[in-house]
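A.B. asks: sequence first, then the predicted structure:
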Amino acid sequence: MVEHLVIDHVGHRGDGVAIVDGENVYVPYTLGGETVEVAAVPGHHPDRRRLLAVERASPERITAFCQHFGVCGGCAIQHWDAGRYRAWKRGLVVETLAQAKLDSEVAALIDAHGLGRRRITLHAGMGTHEVLKVGFAAANSHDIIPVDRCPILDPGLAGALDAAWAIAEPLAPTAKPLDIQITATEGGLDVDVRGSGPLPAGMISTLSGVAQQHRLARLTRHGELVLMRNPPTVTIGTARVTLPPGSFLQATAAGEAALATLVSEHCRRAKHIADLFCGVGPFALRLAANSKISAFDGDAGAVMALQKAATSTSGLKPVKAETRDLFRRPLMAQELRDYDAVLFDPPRQGAQAQAQQLAASRIPLVVAVSCNVTTFARDARILIDGGYKIANVTPVDQFRHTPHVELVARFVR
């Protein structure tokens, strides 16, 4: 059944929100004030609608720059005036903190898209009529949208889509869905393939040939080496880090730099810093220029890469990296007595257990980096109830065209 709705505002997930009989109805790719024609989405929640036509467009609407926008699920917003988009994105942080009754000034949004995404995960699988598809997941679906170009990628990912297709083709007979993670490094493209299951030696040899043909820095399968032509390295501060297979990096180089600049400013007077959820060291290796660092993370490969980079880089203060599951074994309050500052940058689920121990400690300075405002608000409440005050919050936009936003916050006693 076709409906005609008036969109009230853009919601937290980037969808337009219409209010129908007192209930919210969500329509992707629409803006506040627009009149739109929509239809129900079979098999989805009854509050979802599919956009059929924009009958009266907002003056804030602009033309999307990607041919796949509206089908590919990677970007939610390319159709909104840049100024209004930026205000909305900062507003996501302001509103979430206000709803959690957290009183803090929120600084202006920092645009950290830079040259674009340097790390992507492509999906591959057989579609109808046994036709191979390689691309990104469709919006609100597991369907694969085949792509041959993506305009939001860092130039360092040039050739990534061609390489993914070339890797997926010989693996198609396995009939298993694949995830192909590709990272731009100084040595070239670093590729890790997951989902293929065990492969015969002949198939491994074929993949090795693909890696050579496409001049990949490294190709791994479930983290196991297939071929390495060049070490897949990235420079962090003055250190050069060789990435573990499938390693996590901030989505953009500009995003990492912006977050690190904020963290460094907040920690500039600290002599001994605990870096929790340290990863491969985007903060630790920069902070070590001036401070002694103890770094902790549950990813043993990342910790090893960080320690090796720190040891081989001259001019740094001492860095000690340790593998530790901070969800199950957070640093306890008594263990935190040796530090005069703590930095924590957890995954999207936040760091509730660690926040509880920080709240029980006497650490004078805590710096939080977060990619999820909701879990940040929960953890911040724990710190505040333990005696901390939020000194400032700065939102960082490295996931431009999406509802995802990073932030850096400083807590003091």
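C.D. replies: Alright, I've got the coordinates.

A.B. asks: bridging residues for Lys320?
C.D. replies: Listed by DSSP bridges, the beta-bridge partners for Lys320 are Ser294.

A.B. asks: so who does it touch?
C.D. replies: 293-295, 307 (Cβ atoms under 8 Å, 6 or more residues apart in numbering). In this view, the C-beta of every residue, glycine as well, is placed from N, C-alpha and C.

A.B. asks: and it, what's its pLDDT?
C.D. replies: Residue-level confidence at Lys320 comes out at 98, pLDDT.

A.B. asks: do His44 as well
C.D. replies: Confidence score, pLDDT, at His44: 77.

A.B. asks: count the neighbours of it for me.
C.D. replies: Using other Cβ atoms under 10 Å, His44 has 13 other residues around it.

A.B. asks: what of Ile167?
C.D. replies: By other Cβ under 10 Å, neighbour count at Ile167 equals 27.

A.B. asks: list the contacts for it?
C.D. replies: 124, 178, 180, 191, 193, 207, 210, 219.

A.B. asks: so which of these are in helices?
C.D. replies: 207, 210 (DSSP state H).

A.B. asks: so which of the contacts of Ile167 wins on neighbours?
C.D. replies: Val191 leads these on contacts (other Cβ under 10 Å) with 29 neighbours.

A.B. asks: disregarding residues adjacent in the polypeptide, which is nearest to Ile77?
C.D. replies: Gly14 (5.0 Å; Cβ to Cβ, 6 or more residues apart in numbering).

A.B. asks: an error on my part: the question was meant for Asp338.
C.D. replies: Asp338 sits nearest to His272 (Cβ to Cβ, 6+ apart), 6.4 Å away.

A.B. asks: return the distance of that neighbour relative to Ala377.
C.D. replies: Plainly put, His272 is 29 Å away from Ala377 if you go by Cβ to Cβ, to the nearest Å.

A.B. asks: next: Val147.
C.D. replies: Taking Cβ to Cβ, one finds Val147 at 35 Å from Ala377.

A.B. asks: now do the contacts for Thr235.
C.D. replies: 186, 241.

A.B. asks: gap between whichever strand or helix holds it and the chain center?
C.D. replies: Element membership for Thr235, per DSSP states H and E: strand 233-236. How far strand 233-236 lies from its chain's middle: 18 Å, per Cα atoms, centre = their mean, to the nearest Å.

A.B. asks: what lines up beside that strand in the sheet?
C.D. replies: strand 239-242 (antiparallel).

A.B. asks: of the contacts of Ile167, closest to Ala158?
C.D. replies: Relative to Ala158, the closest of the contacts of Ile167 is Val191; by Cβ to Cβ it sits at 13.8 Å.

A.B. asks: all helices for the stretch 251-400 of the chain, in order.
C.D. replies: 253-266, 284-287, 300-311, 352-359, 373-385 (DSSP state H, counting those that start in this stretch).

A.B. asks: on that earlier part again, now the strand holding Thr235 - C-alpha only, CSV.
C.D. replies: The C-alpha coordinates for strand 233-236 follow below in CSV (Å, rounded to 0.1, in the frame of the first residue of the first chain):
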residue,chain,number,x,y,z
THR,A,233,53.5,-1.2,7.4
VAL,A,234,52.0,2.1,8.6
THR,A,235,53.8,5.0,10.2
ILE,A,236,52.5,6.0,13.7
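
A.B. asks: list the buried residues in it.
C.D. replies: 233-234, 236 (16 or more other Cβ atoms under 10 Å).

A.B. asks: from the residues you listed, which is closest to Ala57?
C.D. replies: Of all the buried residues of strand 233-236, Ala57 sits closest to Val234, with 42.5 Å by Cβ to Cβ.

A.B. asks: got the contact list for Ala380?
C.D. replies: If you count contacts by Cβ under 8 Å, 6+ apart, then Ala380 has 97, 100, 102, 368, 390, 409, 411 around it.

A.B. asks: quick check: angle from the host helix or strand of the first one to helix 373-385?
C.D. replies: Pointing back at Leu97 there. Element membership for Leu97, per DSSP H and E: helix 82-99. Between the axes of helix 82-99 and helix 373-385, defined by axes from the mean of the first three to the mean of the last three Cα atoms, to 10 degrees, the angle is 40 degrees.
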